[in-house]
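Student: Just a sequence and a predicted model for now, questions to come.
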Amino acid sequence: MRIQVSQISEKDGLRRDYRFPEGKPDLVDPDCSVAGESSLGLFAERSGSEVKLSGTLHAKIQFNCDRCLESVVRAVDEEFDLFYIPSFQKGGLNDEAELTEEDLTVSFYEDDSINVGDIMREQIELVLPMSKVCDDDCRGLCSECGVNLNKIQCSCRTAAVDPRLAALRDLGLRDDPR
Ligand SMILES: [Zn+2]
Ligand SMILES: [Zn+2]
């Protein structure tokens, strides 16, 4: 999946819509995957060798909660703008004042083409949550019996609450003549 830069009309731009099958694109984080089909719409505009892409992506990301291990699916619906120049212009970037203002990040393309799969993967990874939890208030698994504390309130919790009590209990066991 590539956009040929020379095929982008300087007058009308170029409109492209892409569909990705279940599980695509592969993500760098092995604990996350794309669930179901995802889609990416791109509108490309070109001025000489400079390209602006306006994109809209829709995807669902699956991961397991770090605390309770339940499977979580999050919808990702993002709009973004990307700016590209040919990689041979990399060295002269400081002269490209109009590209570096407004906190714009500039990417580079090679051989007249821009890889659409890379765009999809990068945009999804930008919005992946730093902490993978089903909910900020997820109570996780009981360290004693392993039940999901979001669903069941077990009775082990209170026993382990006060470390001083636990220490006393350990002493008592050690003094036990048996
Ligand atoms: Zn959870
Ligand atoms: Zn428990």
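Tutor: Here it is on my side, so go on. Numbering: from 1, shown residues only. Ligands and ions are numbered 1, 2, ... in the order given.
Student: Would you mind naming what in this protein lies close to ligand 2?
Tutor: Within reach of ligand 2 by Cβ under 5 Å from the ion, the chain has these residues: 142, 144-145, 154, 156. (Each C-beta comes from the backbone N, C-alpha and C, glycine too.)
Student: do that again at 6 Å, thanks
Tutor: With Cβ under 6 Å from the ion as the criterion, the chain meets ligand 2 at residues 142, 144-145, 147, 154, 156.
Student: Would you report which members of those residues are assigned to helices?
Tutor: residue 156 (DSSP state H).
Student: Just the buried residues of the residues of the chain next to ligand 2.
Tutor: Neighbour counting over the residues of the chain next to ligand 2 (16 or more other Cβ atoms under 10 Å) leaves residue 142 as the buried ones.
Student: average pLDDT across stretch 44-56?
Tutor: Averaging pLDDT along stretch 44-56 gives 96.
Student: ditto for stretch 33-40
Tutor: Mean predicted confidence for stretch 33-40 is 94.
Student: what's the offset of it from the middle of its chain?
Tutor: In this view, stretch 33-40 has its centroid 12 Å away from the chain centroid, taken as Cα atoms, centre = their mean, to the nearest Å.
Student: Please spell out which residues along it are buried.
Tutor: Residues of stretch 33-40 classed as buried: 33-35, 38, 40 (neighbour count, 16+ other Cβ under 10 Å).
Student: Can you list the neighbours in contact with that stretch?
Tutor: For stretch 33-40, contacts defined as Cβ atoms under 8 Å, 6 or more residues apart in numbering pick out 17-25, 27, 55-63, 73, 116, 119-120, 124.
Student: repeat that for 7 Å
Tutor: 17-25, 27, 55, 57-62, 73, 116, 120 (Cβ atoms under 7 Å, 6 or more residues apart in numbering).
Student: What subset of the residues you listed is buried?
Tutor: For these, a burial check counting by 16+ other Cβ under 10 Å picks out 18, 20, 24-25, 27, 55, 57, 59, 61, 116, 120.
Student: could you redo those as JSON lines and give each row distance to residue 110 and secondary structure?
Tutor: JSON lines is the format used below for these (distance: Cβ to Cβ, whole Å; DSSP: H, G, I helix; E, B strand; the rest coil):
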{"residue": "18", "distance to residue 110": "20", "secondary structure": "strand"}
{"residue": "20", "distance to residue 110": "23", "secondary structure": "strand"}
{"residue": "24", "distance to residue 110": "23", "secondary structure": "coil"}
{"residue": "25", "distance to residue 110": "19", "secondary structure": "coil"}
{"residue": "27", "distance to residue 110": "23", "secondary structure": "coil"}
{"residue": "55", "distance to residue 110": "20", "secondary structure": "strand"}
{"residue": "57", "distance to residue 110": "23", "secondary structure": "strand"}
{"residue": "59", "distance to residue 110": "26", "secondary structure": "strand"}
{"residue": "61", "distance to residue 110": "29", "secondary structure": "strand"}
{"residue": "116", "distance to residue 110": "14", "secondary structure": "helix"}
{"residue": "120", "distance to residue 110": "18", "secondary structure": "helix"}
